[in-house]
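# After the sequence you'll find the predicted model.
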Amino acid sequence: AQSVTQPDIHITVSEGASLELRCNYSYGATPYLFWYVQSPGQGLQLLLKYFSGDTLVQGIKGFEAEFKRSQSSFNLRKPSVHWSDAAEYFCAVGADTDKLIFGTGTRLQVFP
Amino acid sequence: DAGVIQSPRHEVTEMGQEVTLRCKPISGHNSLFWYRQTMMRGLELLIYFNNNVPIDDSGMPEDRFSAKMPNASFSTLKIQPSEPRDSAVYFCASRPSAGGYYGYTFGSGTRLTVV
């Protein structure tokens, strides 16, 4: 069965600094991978997804993620963080089963 | 596209009362999911439907919880009787079809407080 691990519960960065949120998955084949963002009081919004092909995928709000099969990782990055990026971020994996499996989330705090 | 619509946005009820949460998925989406989110337990899948048929309800906490999807455009999650530990944000999500290929579109959630 597939699983997702987000090792960092909470990350704090300064506005303008670069960001990388970690996500590791467990699955025997190539999974479908997703990143979602949840702003306070809101539902989850899809940032980007990976199915196949180019391992570097671009998403909304200036985010990108890179699929690394050798490391079973799908880390989310942004070169320069804005205060409005403060939110909770969820990595998810989908495979043969119908359900997406979500990680436990990483809360991002941005200092001015 | 109106997105996934949930109602009400906020619900405050007394312990023992019946609570009904409502969800309208995106038109044309064939799969619907109900999630619960709390600080302690994070995001939990309660139940999901494909083509209006419940596929997996193993996440439903107990018999007090029930969910229905009478047609492709409407689903309800009912708690009867409600208890304070049911206080959480309940999300509905939909996707175009079955299969792990598709991401979900989430509603804005219903914040339930049971006092």
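Cool, got the structure. Numbering: from 1, shown residues only, chains lettered A, B, ... in the order given.

# Confirm A:Lys61 sits in a helix?
Yes: assessed by DSSP: H, G, I helix; E, B strand; the rest coil, A:Lys61 belongs to a helix.

# wait, it sits on A:Leu46?
No: applying Cβ atoms under 8 Å, one finds A:Lys61 not in contact with A:Leu46, separated by 11.0 Å. From N, CA and C alone the C-beta is placed, and that goes for glycine too.

# Of these two, which one has the most company?
A:Leu46 (16 against 13; other Cβ atoms under 10 Å in any protein chain shown).

# Contact partners for that one?
Residues in contact with A:Leu46 (Cβ atoms under 8 Å, 6 or more residues apart in numbering or on different chains) are A:Phe34, A:Trp35, A:Tyr36, B:Gly103, B:Tyr104, B:Thr105.

# so which one among these has the lowest pLDDT?
Lowest in pLDDT among the contacts of A:Leu46 is B:Gly103, which has 85.

# That residue contacts A:Trp35, doesn't it?
No: taking contacts as Cβ under 8 Å, B:Gly103 lies outside contact range of A:Trp35: 9.7 Å.

# The two - which one has more neighbours?
A:Trp35 (27 against 22).

# Give me the secondary structure label for that one.
strand.

# separation between it and chain B?
Distance, A:Trp35 to chain B, by Cβ to the nearest Cβ, to the nearest Å: 10 Å.

# Contact partners for the closest residue to that residue other than its chain neighbours?
Residue nearest to A:Trp35 in three dimensions, not counting chain neighbours: A:Leu47, with 4.4 Å by Cβ to Cβ, 6 or more residues apart in numbering or on different chains. By Cβ under 8 Å, 6+ apart, A:Leu47 lies in contact with A:Phe34, A:Trp35, A:Tyr36, A:Val37, A:Gly59, A:Ile60, A:Lys61, A:Phe63, A:Ala65, A:Leu76, A:Tyr89.

# give me the element A:Leu47 is part of.
Using DSSP states H and E, A:Leu47 maps to strand A:44-50.

# which residues are contacting the next helix or strand after that strand?
Once strand A:44-50 ends, the next helix or strand along the chain (criterion: DSSP H and E) is strand A:56-58. Residues from elsewhere that reach strand A:56-58 (Cβ under 8 Å, 6+ apart): A:Leu48, A:Lys49, A:Tyr50, A:Glu64, A:Ala65, A:Glu66, A:Phe67.

# Go again with 7 Å.
With contact meaning Cβ atoms under 7 Å, 6 or more residues apart in numbering or on different chains, strand A:56-58 is reached by A:Leu48, A:Tyr50, A:Glu64, A:Ala65, A:Glu66.

# Just checking: what are the partner strands of that strand?
Strands that pair with strand A:56-58, judged by DSSP bridges, come out as strand A:64-68 (antiparallel).

# pLDDT (mean, whole number) over the partner strand?
Strand A:64-68 comes out with an average pLDDT of 96.

# Quick check: buried residues in that strand?
By 16 or more other Cβ atoms under 10 Å in any protein chain shown, the buried positions in strand A:64-68 come out as A:Glu64, A:Ala65, A:Glu66, A:Phe67.

# Among those residues, which one sits closest to chain B?
Nearest to chain B out of these is A:Ala65 (Cβ to the nearest Cβ; 13.2 Å).

# need the residues of chain B near chain A, please.
Within chain B, the residues that sit near chain A (Cβ under 7 Å from any Cβ of the partner chain) are B:42-43, B:45, B:48, B:50, B:55, B:91, B:98-101, B:103-104, B:106-109.

# out of those, which are buried?
B:Leu43, B:Leu45, B:Tyr48, B:Asn50, B:Phe91, B:Gly100, B:Gly103, B:Tyr104, B:Phe106, B:Gly107, B:Ser108, B:Gly109.
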